[in-house]
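Peer 1: dropping a prediction and its sequence here:
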Amino acid sequence: MSEAFLRRTPIRLLLLALLLFVVAGVVPPFIIGQMRPIEIGMTEEFRTRPASTMVHGVPTADGSPPRDNQHRPECRDVPLTEMPPSCFLVVRESQHTLTLTTSSAPKKGEVNVDAITQVQISGRVASEIHDSVRLDRRSSYPVSDPVSHLRHSMPERRSGVGEEDFVREGLQYFFPMPTSRQSYAWYDTTARRPLWLDFVGETERNGLDTYEFHLTETALDLSGQMSSLLEMRDDEQAVLDELAASGVGTPWFAIRRTVWVEPQSGTIVDLHLEPHVYFAPDAATAEARAFDLDPDHTIYHSTLDWDDETLARVHDRAQGTVQKLRVLQVFAVLTKALALVVALAGVVLLLRERRGRP
């Protein structure tokens, strides 16, 4: 290609048009690709609103039920195992706080996520879940290596114990960017298994267009998990054993979970949880008692919704990402339009050159 050929204005315009088409097709996808991986070095806190919570208390040091119920005739001067389970149920204000931290993993495309979930009842930390998982930074799914760890403890009592490292299945804490209209397996730290979160539809939430996902699971057996995740005092374990032997049953779990996700960014912008832990002697009874708040078999029940500060923060993050994506979209459209105009100008000049020849 000679220098004289490149100096011709039509050729320069056509080359510029080609360059603009390449820029429009390469730059926005490249920037979006840099936005997609989960950020390393991030620390976030998600807090729920204070909510009235039913919680099964433990006996006092002398074997009496919680102070709230000591005035009830059926809860006084009766052996511990002969009291109705409702003698140990109290209603308190609770609040959940999730602190999420990300850090670098041995492989560049992966990220370590450490999550601490605290359950505060009447302002005191009653329970903590320490969760560690390694995720693929782009897909948000856990890696297939046994590097996940889960630990449950009650700070005011004996420290908790956790299971050995295991292979995690299902999304947790993050959705893919972009999020699809499909069902996702979502790992639940109480059930300790993935549960299916189904796509419900598109809806506006807090001023953003979102995808709504929902799951309802009932009769999930927790009897084998209490001892493996939480070290109980001998008297506490004895009470649970005697309750099971008396026909009250063992712990079961039901959960309703609704999640709203801004699909372009994959940001969770709102959630609603209704966890219910309860006694049942068998699976059929457990199915019937799911979300039944009878005090004679309820162990724990609450409703969890993010507070205003958390909602505002996740809204701003999602909206900021959406605005960046729109700017990139507009940039690509305008650049392609400009490339088309330049290409047409080059073609017109080239035709005029040829017609002007003898």
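Peer 2: The structure has been received and is ready for your questions. Computed from a predicted model, the values in this text were never measured in an experiment.
Peer 1: show me the shaky parts of the stretch 251-358 of the chain.
Peer 2: With pLDDT under 70 as the threshold, the stretch 251-358 of the chain has low-confidence stretches at 356-358.
Peer 1: that one: strands as residue ranges?
Peer 2: Remark: strands of the stretch 251-358 of the chain, listed N- to C-terminal, are 267-280, 298-301, 304-305; assignment by DSSP state E, counting those that start in this stretch.
Peer 1: how close does the most centrally placed residue in the chain get to G109?
Peer 2: With distances taken as CA atoms, centre = their mean, Y173 lies nearest the centre of the chain, 3.1 Å away. Counting by CB to CB, to the nearest Å, the separation of Y173 from G109 is 17 Å. Every residue, glycine included, has its C-beta placed from N, CA and C.
Peer 1: coming back round to it: can I get the strands of the stretch 251-358 of the chain in JSON lines with mean neighbour count and distance to V90?
Peer 2: Supplementary listing: those in JSON lines, determined by neighbours: other CB atoms under 10 Å; distance: least, CB to CB, whole Å:
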{"stretch": "strand 267-280", "mean neighbour count": "21", "distance to V90": "14"}
{"stretch": "strand 298-301", "mean neighbour count": "20", "distance to V90": "11"}
{"stretch": "strand 304-305", "mean neighbour count": "17", "distance to V90": "18"}
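Peer 1: tabulate these (JSON lines), appending distance to P85.
Peer 2: As requested, these are arranged in JSON lines below (distance: least, CB to CB, whole Å):
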{"stretch": "strand 267-280", "distance to P85": "6"}
{"stretch": "strand 298-301", "distance to P85": "8"}
{"stretch": "strand 304-305", "distance to P85": "24"}
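Peer 1: show me where the stretch 251-358 of the chain has helices.
Peer 2: The residue ranges that make up the helices of the stretch 251-358 of the chain, judged by DSSP state H, counting those that start in this stretch, are 283-289, 308-355.
Peer 1: can you list those helices in CSV and add mean neighbour count and distance to P29?
Peer 2: Conversion of those to CSV gives the following (neighbours: other CB under 10 Å; distance: least, CB to CB, whole Å):
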stretch, mean neighbour count, distance to P29
helix 283-289, 16, 49
helix 308-355, 15, 9
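Peer 1: now for these, which one comes closest to T48?
Peer 2: helix 308-355 (7.9 Å; CB to CB).
Peer 1: for that closest one, the distance to its chain's centre please.
Peer 2: On the basis of CA atoms, centre = their mean, to the nearest Å, helix 308-355 is displaced by 33 Å from the centre of the chain it belongs to.
Peer 1: just want the angle from that helix to strand 267-280.
Peer 2: For helix 308-355 against strand 267-280, the angle by axes from the mean of the first three to the mean of the last three CA atoms, to 10 degrees is 140 degrees.
Peer 1: measure the residue nearest to S223 when sequence neighbours are not counted to T310 for me?
Peer 2: Nearest residue to S223, sequence neighbours excluded (CB to CB, 6 or more residues apart in numbering): T250, at 3.8 Å. Between T250 and T310 the computed distance is 35 Å (CB to CB).
Peer 1: same thing with S144?
Peer 2: As defined by CB to CB, S144 lies at a distance of 32 Å from T310.
Peer 1: what does W196 give?
Peer 2: Look at W196 and T310: by CB to CB, they are 25 Å apart.
Peer 1: ok so, going back, save the helices of the stretch 251-358 of the chain as CSV, and put in distance to R138 too.
Peer 2: Supplementary listing: those in CSV, determined by distance: least, CB to CB, whole Å:
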stretch, distance to R138
helix 283-289, 39
helix 308-355, 15
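Peer 1: select, out of the ones you listed, the one closest to L100.
Peer 2: helix 308-355 (11.6 Å).
Peer 1: same for that closest one, what does it pack against?
Peer 2: Secondary-structure packing of helix 308-355 (3 or more CB pairs under 8 Å, 6 or more residues apart in numbering; DSSP states H and E): helix 9-35, strand 43-47, strand 208-221, strand 250-262, strand 267-280.
Peer 1: can you lay out those as JSON lines showing distance to D292?
Peer 2: JSON lines is the format used below for these (distance: least, CB to CB, whole Å):
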{"stretch": "helix 9-35", "distance to D292": "45"}
{"stretch": "strand 43-47", "distance to D292": "29"}
{"stretch": "strand 208-221", "distance to D292": "10"}
{"stretch": "strand 250-262", "distance to D292": "9"}
{"stretch": "strand 267-280", "distance to D292": "7"}
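Peer 1: between these, which one is closest to P155.
Peer 2: strand 43-47 (18.0 Å).
Peer 1: dump the closest one to PDB, keeping only the CA atoms.
Peer 2: As requested, the backbone C-alpha atoms of strand 43-47 are provided in PDB (Å, rounded to 0.1, in the frame of the first residue of the first chain):
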ATOM      1  CA  THR A  43     -15.800  -5.100  52.900                       C
ATOM      2  CA  GLU A  44     -19.600  -4.700  53.100                       C
ATOM      3  CA  GLU A  45     -22.100  -4.800  55.900                       C
ATOM      4  CA  PHE A  46     -25.800  -5.700  55.500                       C
ATOM      5  CA  ARG A  47     -28.100  -5.100  58.400                       C
END
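Peer 1: where exactly do the helices run in the stretch 101-250 of the chain?
Peer 2: In chain order, the stretch 101-250 of the chain shows helices spanning 226-229, 234-245, with DSSP H, counting those that start in this stretch as the criterion.
Peer 1: least confident of those helices, on average?
Peer 2: Comparing the helices of the stretch 101-250 of the chain by mean pLDDT, the weakest confidence falls on helix 226-229, with a mean of 51.
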